[in-house]
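*Asks:* I would like the atomic coordinates for the input below:
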Amino acid sequence: MLAVAALAIKLEDGGPVIFRQRRVGLGGEVFDCLKLRSMVPDAEKSGRAR
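*Replies:* Alright, predicted model coming up:
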C-alpha cells in the first residue's frame, strides 16, 4: 500500500515523494522524521496555509 501511495505522488507532479522534518522529542532530543509528501513542494513558501 505504501508503494502505491509513493507511486501516485511521483506520477502526480514528478516531485519528491518523501521529505524530512526535524522534530523535538521527549527531553528536547531532536530527531529526523521521514514523511510522505501530501502537498506540493514548498507549499508554505508563500506564508499562507493551504
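*Asks:* C-alpha from now on. contacts and neighbour counts both.
*Replies:* OK.
*Asks:* can you list the weak-confidence ranges in the protein?
*Replies:* Within the chain, the segments meeting pLDDT under 70 span 46, 48-50.
*Asks:* Please identify the residue most distant from the middle of it.
*Replies:* Most distant residue from the mean C-alpha position of the chain: Gly27, 24.4 Å away (Cα atoms, centre = their mean).
*Asks:* would you say that residue is within a strand?
*Replies:* No: going by DSSP: H, G, I helix; E, B strand; the rest coil, the assignment for Gly27 is helix, not a strand.
*Asks:* roughly how far apart are it and Pro41?
*Replies:* Distance of Gly27 to Pro41, given as Cα to Cα, to the nearest Å: 31 Å.
*Asks:* What ranges does the protein have for its strands?
*Replies:* 18-24, 30-36 (DSSP state E).
*Asks:* Any idea which of the ones you listed gets closest to Ile9?
*Replies:* Nearest of these to Ile9, taken as Cα to Cα: strand 30-36 at 8.5 Å.
*Asks:* ok, and what's touching the closest one?
*Replies:* Applying Cα atoms under 8 Å, 6 or more residues apart in numbering, the external contacts of strand 30-36 come out as 6, 17-25.
*Asks:* what about 6 Å?
*Replies:* 17-24 (Cα atoms under 6 Å, 6 or more residues apart in numbering).
*Asks:* List only buried entries from those residues.
*Replies:* Those of the contacts of strand 30-36 that meet the buried threshold are Val17, by 16 or more other Cα atoms under 10 Å.
*Asks:* Sounds good, over and out.
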